[in-house]
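Undergrad: I would like to see how this sequence folds:
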Amino acid sequence: MKIRLAADLQEDSIVDGKGIRTVIWTQGCSHNCPYCQNPKTHDFNGGELVEIDDVITRLEGLTGQDGVTFSGGDPMFQPKECSILAKKVHELGMNVWTYTGFTFEELLEKGNSDILDFLSNIDVLIDGRFEIDKKSMDLEFRGSSNQRIIDVPKSLENHQVILYNLNKKNDDIKIKEMLYV
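TA: Have a look, this model is predicted:
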């Protein structure tokens with residue numbers, strides 16, 4: 001199986017979620033948000049088809065990463081492929097963050113089993129389209145104030161959106177251990 005990626009994996013990101021992360025840049029998006037920061041990722045025929053096994057090999061070789069972030073494009077246009085990778089990320093002891101232009105509610109309403117499977121393997125979801133009139137440089141990990149940072153496991157369990165607590169200390173433990181080893 002292959003996944004269409006916009007770019008090579010980006011290691012050591014500190015702006016695409018909490019901690020030190022590797023970003024998987026998926027290709028393909030139809031939201032066309034005005035002033036999108038990644039317009040080159042919109043073309044569904046752009047980027048490069050990559051074997052999922054090759055991406056898994058790269059993930060297995062990562063060191064010093066707290067998690068993996070799926071971005072793009074919009075990873076929800078390749079949910080089956082992303083779900084396979086997200087499961088592997090969890091097996092490797094890392095967390096999964098994902099950016100999407102869809103809202104959490106829109107994803108659930110689709111009733112797509114691949115999307116639901118992917119959601120069940122995401123720890124934190126940043127949802128919603130980028131809106132230029134709600135842009136703020138004061139927001140952590142998102143571009144506009146309409147976008148939410150969602151604790152996906154709690155939201156699925158409670159059948160309602162539960163926002164992720166950015167002040168949670170559990171995620172910081174691994175980083176501190178790495179700094180003082």
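
Undergrad: give me the number of residues near Lys37?
TA: Not quite, residue 37 is Gln, not Lys. 9 (other Cβ atoms under 10 Å). Glycine gets a C-beta too; all of them are placed from N, C-alpha and C.

Undergrad: my error: substitute Thr100 in the last question.
TA: Neighbours around Thr100, by other Cβ under 10 Å: 29.

Undergrad: which residue packs closest to it, ignoring adjacent ones?
TA: Nearest in space to Thr100, with sequence neighbours left out and distances taken as Cβ to Cβ, 6 or more residues apart in numbering, is Met76 at 4.8 Å.

Undergrad: pLDDT wise, what is the one you found at?
TA: Met76 is assigned a pLDDT of 98 by the prediction.

Undergrad: with the one 5 residues further on instead?
TA: pLDDT for Glu81: 98.

Undergrad: please enumerate the strands of this structure.
TA: 2-5, 10-13, 21-25, 48-51, 67-71, 95-99, 124-127, 148-151 (DSSP state E).

Undergrad: pLDDT-wise, which helix or strand of this structure ranks last?
TA: Counting by mean pLDDT, DSSP states H and E, the weakest-scoring helix or strand in the chain turns out to be helix 170-179, with a mean of 42.

Undergrad: contacts only, for Trp25.
TA: Listed by Cβ atoms under 8 Å, 6 or more residues apart in numbering, the contact partners of Trp25 are 5-7, 9-10, 38, 41, 71-73.
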